[in-house]
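Chemist: A predicted structure for the sequence below; I have some questions about it.
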Amino acid sequence: AQSVTQLGSHVSVSEGALVLLRCNYSSSVPPYLFWYVQYPNQGLQLLLKYTSAATLVKGINGFEAEFKKSETSFHLTKPSAHMSDAAEYFCAVTGRGYSTLTFGKGTMLLVSP
Amino acid sequence: GAVVSQHPSWVICKSGTSVKIECRSLDFQATTMFWYRQFPKQSLMLMATSNEGSKATYEQGVEKDKFLINHASLTLSTLTVTSAHPEDSSFYICSARGVGTGAGYEQYFGPGTRLTVT
């Protein structure tokens, strides 16, 4: 079985501040992990993915995430928030033998000027 | 690359009628397509998984006779909401996964279809 927990349904930061969105996972097989971003009334866009290669993964728009097996975490970070980063972010997990993605409940990132 | 489109992006229909939503992979062959439903301010709920040329696999609690899924080709899947009712109003999102799309485990999402049943 697989599950994802995203801590904090809302995260507020000031423009230029560090962004940290938390994701913890549970998986019975080595996980593949993803972060997606969703803007209002749009589908999901893949930000980055971990598929058992480098544990520090760099994605689009300056985001990165680090896979930490000992902590079962895959937190998303960005050094300096931009107003355009305001959106909903979803962490998701799958793995070998699983055909579907399991999503977290999402975290809304709010960026204030 | 790996672009998925949906049509229509927004549809309003009367209660009791049926509506069809199309999901297309534009630049890759989608061996598997997924249909999700998303309620306001909530996460995505997987409705069904379809593999090209075979019957869709529905998640528990999803009425297969109400939500008809067809995946007749490697680039097209359709979701038909039959005898729609106001409670079917939602945001429907498809995704696709297939050969030649990287690691093969990620899904590429369409832009979604907003269905409103009056």
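Modeler: That came in fine, so what should we check first? Numbering: from 1, shown residues only, chains lettered A, B, ... in the order given.
Chemist: show me the contacts for whatever residue of chain B ends up closest to chain A.
Modeler: Closest to chain A within chain B is residue B:109: 4.0 Å, counting by Cβ to the nearest Cβ. Where you see a C-beta, it was placed from the backbone N, CA and C, and this is true even at glycine. Contact partners of residue B:109, counting by Cβ atoms under 8 Å, 6 or more residues apart in numbering or on different chains, are A:36, A:43, A:44, A:45, B:4, B:93, B:94, B:95.
Chemist: Please repeat the previous calculation with a cut-off of 7 Å.
Modeler: A:43, A:44, B:4, B:93, B:95 (Cβ atoms under 7 Å, 6 or more residues apart in numbering or on different chains).
Chemist: Pull up the residues of chain B that are close to chain A.
Modeler: Chain B comes close to chain A at residues B:32, B:43-44, B:46, B:49, B:93, B:103, B:105-107, B:109-112, B:114, as judged by Cβ under 7 Å from any Cβ of the partner chain.
Chemist: Centre of the chain to the helix or strand encompassing residue A:111, how far?
Modeler: Take DSSP states H and E as the rule and residue A:111 turns out to sit in strand A:107-112. Strand A:107-112 has its average C-alpha position 13 Å from the chain's average C-alpha position, going by Cα atoms, centre = their mean, to the nearest Å.
Chemist: strands paired with that strand, and their directions?
Modeler: Strand A:107-112 pairs in its sheet with strand A:10-14 (parallel), strand A:87-95 (antiparallel), by DSSP bridges.
Chemist: now, of these, which is deepest in the fold?
Modeler: Most buried of those, by mean neighbour count (mean count of other Cβ atoms under 10 Å in any protein chain shown): strand A:87-95, with a mean of 23.
Chemist: thinking again about what came up before, bridging residues for the residue of chain B closest to chain A?
Modeler: Residue B:109 has these beta-bridge partners by DSSP bridges: residue B:95.
Chemist: Could you do residue A:14 as well?
Modeler: The partner residues for residue A:14, given DSSP bridges, come to residue A:112.
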